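Undergrad: Sequence isn't available, so here's the structure alone:
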Ligand code: ZN
Ligand code: FE
């Protein structure tokens, strides 16, 4: 299975999963139908599934147009998103299992950004690493804004993702990395790995290269929202309580 990254809107990524052997494809969070259809034509594949992480317009905006074009496709989303995702017919929860392109998919319930948010995790195979499609839960250097969830929920959700193997590729739904790292340096200025990654990300972005995918191993080293146990970060928000640290970090990031 090949993952094709399609930039959409101002800073979204749509991920097209290509099962070349069967000329089939699935798409994660189609913000728009246009770029997806263009790519499908180029690779000559039929779209059979939409995997939505949550109901926000910049993740489901292309659903209905894609359904009109591919009447047999199935729209997957979280159980709690019932009624909020256009065309959804499969309702997933923590531990739900699916298959695509000879790969297993495990659904991880990750409320926080929204109350219904799910992530799609493809465990590693003999020949390849794991793949995580986490929508607006984990970003490189950051996490999603808390629209419908609490800091405790987001901490718990991020904990589930943090427990995945270090090599797991993390396909975040937005290119927010530079701003996240700029913020991260204000709360953990003594993190050398963070400083080095910021330098690399700045140079990549100046060449218009994506910073996504990241990896769980990298995020554990540089993402303040996964590092609430670090004394420097705790000091920056005047708390040693993990939930409070996450809530205060997110609050600071909201106004950064
Ligand atoms: Zn969102
Ligand atoms: Fe989004």
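TA: That came through, no problem. On a predicted model such as this, the values are computed, not experimentally measured, just so you know. Ligands and ions are numbered 1, 2, ... in the order given.
Undergrad: Strands along the stretch 151-256 of the chain, start to end?
TA: 169-171, 214-215 (DSSP state E, counting those that start in this stretch).
Undergrad: among those strands, which is nearest ligand 1?
TA: Ranking the strands of the stretch 151-256 of the chain by proximity to ligand 1 (Cβ to the ion) places strand 169-171 first, at 14.6 Å. No exception for glycine: its C-beta is placed from N, CA and C like everyone else's.
Undergrad: what packs against that closest one?
TA: Of the remaining helices and strands, those touching strand 169-171 by 3 or more Cβ pairs under 8 Å, 6 or more residues apart in numbering; DSSP states H and E are strand 2-8, strand 131-133, strand 214-215.
Undergrad: Among the strands of the stretch 151-256 of the chain, which comes closest to residue 156?
TA: Proximity to residue 156 (Cβ to Cβ) singles out strand 169-171 among the strands of the stretch 151-256 of the chain, at 17.8 Å.
Undergrad: List the pairing partners of the closest one within its sheet, with orientation.
TA: Neighbouring strands of strand 169-171 in its sheet, by DSSP bridges, are strand 131-133 (parallel), strand 214-215 (antiparallel).
Undergrad: The stretch 51-200 of the chain against ligand 2: which residues are in contact?
TA: Taking Cβ under 5 Å from the ion as the contact definition, the stretch 51-200 of the chain meets ligand 2 at 58, 136.
Undergrad: Let's see that with 8 Å instead.
TA: By Cβ under 8 Å from the ion, the part of the stretch 51-200 of the chain that sits against ligand 2 consists of 54, 56, 58-59, 135-136, 144, 173-174.
Undergrad: Kindly identify which of those also come near ligand 1.
TA: Subset of these in contact with ligand 1: 54, 56, 58-59, 135-136, 144, 173, counting by Cβ under 8 Å from the ion.
Undergrad: possible to save the strands of the stretch 151-256 of the chain as JSON lines with mean pLDDT?
TA: Below are the strands of the stretch 151-256 of the chain laid out as JSON lines (pLDDT from 0 to 100):
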{"stretch": "strand 169-171", "mean pLDDT": "98"}
{"stretch": "strand 214-215", "mean pLDDT": "98"}
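Undergrad: With distance to residue 72 and mean neighbour count as added columns, please give those strands in CSV.
TA: Formatted as CSV, the entries for the strands of the stretch 151-256 of the chain read as follows, by distance: least, Cβ to Cβ, whole Å; neighbours: other Cβ atoms under 10 Å:
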stretch, distance to residue 72, mean neighbour count
strand 169-171, 25, 22
strand 214-215, 34, 21
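Undergrad: what sits against the residue nearest to residue 79 when sequence neighbours are not counted?
TA: Distances taken as Cβ to Cβ, 6 or more residues apart in numbering put residue 91 closest to residue 79, at 4.2 Å, once the chain neighbours are dropped. Applying Cβ atoms under 8 Å, 6 or more residues apart in numbering, one finds that residue 91 lies in contact with 77-79, 81-82.
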